[in-house]
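Chemist: Predicted model and sequence follow; I will ask about them next.
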Number of protein chains: 2
Amino acid sequence: MSGQKTRQWKLSNPPQENAVLEGENTTFALETTTLPSPGPEQLLVKTLFLSNDPAQRGWIQKDVDAERLYTKPVVKGEVMRAHGIAEVVESNVDSLKKGQLVMGSLGWTEYAVVGAKEVRPIQADESAGIRPTHFIGALGGPGLTAYYGLIDVVRATASDTVVVSGAAGATGSMVVQIAKHIVGCKRIIGIAGGDKKCRWVESLGADVCIDYKAPSWKEDLKKATEGFVEVYFDNVGGEILDLMLTRIKRHGRIAACGAVATYNSRGDFGVKNWTEIVTNRIEVRGFIVFDAIDAGKAGPYIQELIKKVKEGKIQIGPETETVVPTKFEDVPKTWTLLFNGGNTGKLVTQIKA
Amino acid sequence: MSGQKTRQWKLSNPPQENAVLEGENTTFALETTTLPSPGPEQLLVKTLFLSNDPAQRGWIQKDVDAERLYTKPVVKGEVMRAHGIAEVVESNVDSLKKGQLVMGSLGWTEYAVVGAKEVRPIQADESAGIRPTHFIGALGGPGLTAYYGLIDVVRATASDTVVVSGAAGATGSMVVQIAKHIVGCKRIIGIAGGDKKCRWVESLGADVCIDYKAPSWKEDLKKATEGFVEVYFDNVGGEILDLMLTRIKRHGRIAACGAVATYNSRGDFGVKNWTEIVTNRIEVRGFIVFDAIDAGKAGPYIQELIKKVKEGKIQIGPETETVVPTKFEDVPKTWTLLFNGGNTGKLVTQIKA
């Protein structure tokens, strides 16, 4: 059989600030190529869904110091890297049949030829409300990040008050639910953008959610954290982190999970309240999802989450993901919604036929 | 006996930036007062030496949030708080005779009336080179801070490369020596201001010391930390900390001990490289010397240091303290040397008769 034609988005100009999608010097370029036929132990797959993750922004930063990145950067001219879900179109692998759904690091491509070991089969369970896309969201990287961060990194207990920023996001919404329904934390305070998101975060189990888009957000957050808090799960960095440094109790803990607020303006924001770490003896621990995998926790934690979903304790209803049907030529545009607060829960790109 | 007359320096204007020593609105005011006679279980003591500590700057900050400070702030009108060494002049305490040297939180005062429990007797050992002032320096708070920070906070081991800032200071010079002669760290990199200080830090056991006053300091530090380092003991904060965030190995550790570089300009400096904490999974732990005391480590660690001094493994020679003979009216002036890098080792004010 002759090779499959496919369109692909490649990194053409590593950005310094926001990704540029229009005009000259756009960040990504759309190209068409013909794939080789799959060889032994290889598959031809068709992309159905793409995962959108804040971390992707780090991989394409201009002048990124590759030695300091936790994974290889995406090099100029390479297909933009992305996790995704695909359907097997042609298989030279005994265990994977045509039509089977698989997940893996596919990239922004319509079709791909991949090795058997580069993908994992997906077993959805529609009767329990578990859809394929959950495995790149609530039951995938973000869910695992939330679980590992809360349990292993900040070691949250039932006597802790926990503050979670980005609480309406893919990871944050799971942190709130795990804090409430698995750990049973004393009090849970979410931070999210907009009234609608905040009410949703409260419905997940937060005692209160602070709208950081409200002009009074600083006062609101101070009031909500009166008496100070033991644990802060930081998904955003920037100004919210800086204020939170002044709201952590003596010997409190911070899980530093992300800094999406500064991904597009690296070096512009400076954390001014570092001294609080000293005077109040705060522990800060950075982590990423790979640490959970290295620690052998991925399997057990995801199984535990699936169990809690089936017991009705963790919600993975429609609001836990924002699935955006997208023409392939608009893949970068959907991705940028991440940085504009455009999603509730996991932001998923669904490739339109 | 009638009360003893004494001069005292009181906090008159809590400063926002540098302490103001001249003109109107000076930070401190000199006053004369008459002390009550010592009552039962009290002593009249005469101040011989005053300890100068970066932490004192935090206690007098204008608009300080008392709830966030690890100790009571010094209130406007109060005698400036300071650790010191005094001689017993009059005693109503059986165990403390006239002429005995004691240490405690005496304040900037020539004489003081104190309770027996507020001071501890000092046992110097001149034959072993251990002078009274060592108990506010190498064998006091700074030595304890160094020991506890290195062993308990960042858990340095023989396989770690350790970077120490403020390496010619009271705490830093002990960190270097403990890393070298007690822990036996693989490699020790000091950071200090000026060539003379750097050569001294190297004589204490650092493999190399970077002069942060040299125009090439950033390049020098990058070169010295090629391949990255496991441990950073931060005594200064600011720009040096920010650069060091980019030089820590994956899963490396930072002991956040102080931020003297920013004490006088709180809120002006922002740490830009916070994202490194996430991507390289850095652990940051703030601490202060009280944590060592709370953990019951003060006695054993100081005894261990004294033992190492007697074995000749830890140097407490003249360079480990800068003793500045000072007229009482110049006490604030000597204190400000702390913030100008004016001292090598512990900065001690010796009150001139």
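Modeler: That came in fine, so what should we check first?

Chemist: And the strands in the stretch 251-353 of chain A?
Modeler: Using DSSP state E, counting those that start in this stretch, the strands of the stretch 251-353 of chain A run over residues A:283-286, A:321-326, A:346-351.

Chemist: Now do A:V45 against chain B, distance only.
Modeler: Computed with CB to the nearest CB, to the nearest Å, the distance linking A:V45 and chain B is 30 Å. C-beta coordinates here come from the backbone N, C-alpha and C atoms, glycine included.

Chemist: If that residue is in a bridge, with which residues?
Modeler: Here A:V45 sits in beta bridges with A:V88, A:A112, going by DSSP bridges.

Chemist: I'd assumed A:A86 was in contact with it.
Modeler: Yes: A:V45 lies in contact with A:A86 (CB atoms under 8 Å); the separation is 3.7 Å.

Chemist: Mind listing the shared neighbours of the two?
Modeler: Shared contacts of A:V45 and A:A86 (CB atoms under 8 Å, 6 or more residues apart in numbering or on different chains): A:102, A:106, A:112, A:119.

Chemist: What residues does whichever residue of chain A sits closest to chain B make contact with?
Modeler: For chain A, the residue closest to chain B is A:G270, as judged by CB to the nearest CB, at 1.5 Å. Contacts for A:G270 were tallied using CB under 8 Å, 6+ apart; they are B:269-272.

Chemist: how near is it to B:V154?
Modeler: 24 Å (CB to CB, to the nearest Å).

Chemist: Just the buried subset of the shared contacts of A:V45 and A:A86, written out for ChimeraX, thanks.
Modeler: To isolate the buried ones among the shared contacts of A:V45 and A:A86 in ChimeraX, judged by 16 or more other CB atoms under 10 Å in any protein chain shown, type:
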select /A:102,106,112,119
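
Chemist: so which pair among the shared contacts of A:V45 and A:A86 is furthest apart in space?
Modeler: Pairwise distances across the shared contacts of A:V45 and A:A86 peak at 10.5 Å for A:V102 and A:A112 (criterion: CB to CB).

Chemist: Which residues are in contact with each of those two?
Modeler: With CB under 8 Å, 6+ apart as the test, A:V102 and A:A112 both reach A:45, A:86.

Chemist: Now do the domain split for chain A, please.
Modeler: Domain segmentation of chain A under automatic domain parsing yields A:5-137+A:318-351, A:141-291.

Chemist: Please identify the deepest-packed of the ones you listed.
Modeler: Mean neighbour counts were compared across those using mean count of other CB atoms under 10 Å in any protein chain shown; the top stretch is domain A:141-291, at a mean of 22.

Chemist: which outside residues touch stretch A:148-162?
Modeler: Residues outside stretch A:148-162 that contact it (CB under 8 Å, 6+ apart): A:171, A:175, A:178-179, A:183-189, A:225, A:229-233, A:253-255, A:257, A:285, A:287, A:289, A:291-292, A:295, A:297, A:301.

Chemist: pull the CA atoms of the longest helix along chain A into CSV?
Modeler: What stands out as the longest helix in chain A, according to DSSP state H, is helix A:298-310. Extracted in CSV, the C-alpha atoms of helix A:298-310 (Å, rounded to 0.1, in the frame of the first residue of the first chain):
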residue,chain,number,x,y,z
ALA,A,298,0.7,6.1,37.6
GLY,A,299,-1.1,2.7,37.5
PRO,A,300,-2.3,2.6,41.1
TYR,A,301,-3.4,6.2,41.2
ILE,A,302,-5.3,6.1,37.9
GLN,A,303,-7.0,2.8,39.0
GLU,A,304,-8.0,4.5,42.3
LEU,A,305,-9.5,7.4,40.4
ILE,A,306,-11.4,5.1,38.1
LYS,A,307,-12.8,3.3,41.2
LYS,A,308,-13.9,6.6,42.8
VAL,A,309,-15.6,7.6,39.5
LYS,A,310,-17.5,4.4,39.5
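
Chemist: Not counting its neighbours along the chain, what's nearest A:C185?
Modeler: Distance criterion CB to CB, 6 or more residues apart in numbering or on different chains; nearest residue to A:C185, sequence neighbours excluded, is A:A179 at 4.4 Å.

Chemist: Likewise for A:V309?
Modeler: In space, A:V309 is closest to A:I316, 5.6 Å off (CB to CB, 6+ apart).

Chemist: how many other residues sit next to the one you found?
Modeler: Residues lying near A:I316 (other CB atoms under 10 Å in any protein chain shown) number 26.

Chemist: coming back round to it: tell me the pLDDT of the residue of chain A closest to chain B.
Modeler: With respect to pLDDT, A:G270 has a value of 90.

Chemist: Quick check: the gap between the nearest residue to it once chain neighbours are set aside and A:F269.
Modeler: Using CB to CB, 6+ apart and skipping residues adjacent in sequence, the residue nearest A:G270 is B:G270, 1.5 Å away. Remark: distance between B:G270 and A:F269 (CB to CB) = 7 Å.

Chemist: A:S12 too?
Modeler: A:S12 is 27 Å from A:F269, by CB to CB.

Chemist: Equivalent analysis for A:I130, please.
Modeler: Distance from A:I130 to A:F269, by CB to CB: 38 Å.

Chemist: what's the answer for A:I210, then?
Modeler: On the measure of CB to CB, A:I210 and A:F269 end up 20 Å apart.

Chemist: which other helices and strands contact the lowest-mean-pLDDT helix or strand in chain A?
Modeler: Lowest by mean pLDDT, DSSP states H and E among the helices and strands of chain A is helix A:55-59, with a mean of 90. Under the contact definition 3 or more CB pairs under 8 Å, 6 or more residues apart in numbering or on different chains; DSSP states H and E, helix A:55-59 sits against no other helix or strand.

Chemist: what's in contact with that helix?
Modeler: A:19, A:64, A:69, A:71-74, A:80-82, A:258, A:260, A:263-264, A:288, A:335, A:338-339, B:275, B:279.

Chemist: Sitting in helices, which of those residues do you find?
Modeler: A:335, B:275, B:279.

Chemist: Turn those residues into JSON lines, including pLDDT.
Modeler: Formatted as JSON lines, the ones in helices among the contacts of helix A:55-59 follow (pLDDT from 0 to 100):
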{"residue": "A:W335", "pLDDT": "96"}
{"residue": "B:T275", "pLDDT": "90"}
{"residue": "B:T279", "pLDDT": "91"}
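
Chemist: before we move on, the earlier item: quick one: which of the shared contacts of A:V45 and A:A86 is nearest to A:T344?
Modeler: Using CB to CB, these come closest to A:T344 at A:L106, 24.3 Å.

Chemist: Is the closest residue to the closest one other than its chain neighbours bridged to anything, and to what?
Modeler: Excluding the flanking residues, the one nearest A:L106 by CB to CB, 6+ apart is A:G84, at 4.1 Å. Per DSSP bridges, the residues bridged to A:G84 are A:L50, A:G104.

Chemist: Let me know whether A:G84 touches A:L50 as I believe.
Modeler: Yes: under the criterion of CB under 8 Å, A:G84 makes contact with A:L50 at 4.5 Å.

Chemist: list residues touching both of these two?
Modeler: A:L106.

Chemist: follow-up on the earlier one: phi and psi next, for the residue nearest to A:G270.
Modeler: phi -120, psi 130 (degrees, to the nearest 10).

Chemist: tell me which parts of chain A are close to chain B?
Modeler: Taking CB under 8 Å from any CB of the partner chain as the contact definition, chain A meets chain B at A:58, A:65, A:67-70, A:228, A:237, A:241, A:246, A:250, A:256-259, A:262-263, A:266-272, A:274-288, A:291.
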